[in-house]
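**Q** can't give you the sequence, but here's the structure:
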């Protein structure tokens with residue numbers, strides 16, 4: 001089923017345009033049997049999915065697929081965890097993690113050059129560490145996957161799964177060329193993508209007893 005233009009949404013100061021655009025939000029046919037590896041048994045500070053692997057979109061190379069979270073002030077992103085499936089297309093799959101300011105729909109930061117495991121016949125879970133990127137956010141930000149391994153022009157992987165809920169204000173598809181954030185909560189559930197914050201190692205300054213003694217001389 002092809003996605004249609006969606007009404008404009010304003011939520012807690014967050015404006016997500018849902019106008020028609022070049023990206024097509026085309027869902028995949030429903031799976032008749034569930035692949036191996038179902039279940040998303042990962043605790044995270046920020047999540048809006050219900051742990052049910054339901055379906056996915058045909059992902060466009062210019063699309064970014066993920067969830068919008070409301071972060072407390074000064075939240076440092078620790079890691080991102082997400083579930084994907086290959087629908088018979090073998091990996092590994094090249095991808096990036098991108099973080100976007102959901103209010104202005106502008107790119108904020110991320111981590112590039114990542115590789116996801118082969119998920120041709122089974123769900124896979126990826127965990128991406130973001131401590132080295134030092135991404136500190138406050139407010140509404142979209143954490144997304146930029147899939148770069150494509151079986152066809154509109155069929156790119158890793159393909160992020162979404163759950164069976166509707167009307168949960170969380171899932172978003174971003175047109176990275178046009179800078180448009182599209183709320184898809186009336187078409188699909190939240191993506192099985194979760195985020196942890198404020199759990200990065202605290203940097204320490206190397207020292208020795210000799211260095212300490214010099215302070216008192």
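**A** Received the coordinates, thanks. The model shown is predicted, which means the values in this text are computed figures rather than measured ones.

**Q** which of the helices or strands spans the residue nearest in space to the middle of the chain?
**A** With distances taken as C-alpha atoms, centre = their mean, residue 144 lies nearest the centre of the chain, 2.9 Å away. For residue 144, the host element (DSSP states H and E) is strand 136-147.

**Q** in its sheet, what does that strand sit against?
**A** Here strand 136-147 is paired, per DSSP bridges, with strand 63-85 (antiparallel), strand 93-101 (antiparallel).

**Q** how about the ones you listed, which one is nearest residue 171?
**A** strand 63-85 (5.8 Å; C-beta to C-beta). The way it works is simple: take the backbone N, C-alpha and C, and place the C-beta from them, glycine included.

**Q** that closest one: how far from the chain's middle?
**A** A distance of 5 Å separates the centroid of the chain from that of strand 63-85, by C-alpha atoms, centre = their mean, to the nearest Å.

**Q** stretch 103-123 now?
**A** In terms of C-alpha atoms, centre = their mean, the centre of stretch 103-123 is set 6 Å apart from its chain centre.

**Q** count of neighbours near residue 123?
**A** By other C-beta atoms under 10 Å, the residues close to residue 123 number 19.

**Q** now residue 159
**A** By other C-beta under 10 Å, 26 other residues sit near residue 159.

**Q** wait, what's in contact with it?
**A** 56, 57, 59, 84, 85, 86, 87, 119, 147 (C-beta atoms under 8 Å, 6 or more residues apart in numbering).

**Q** identify the bridge partners of the fourth one.
**A** Per DSSP bridges, the residues bridged to residue 84 are residue 124, residue 160.
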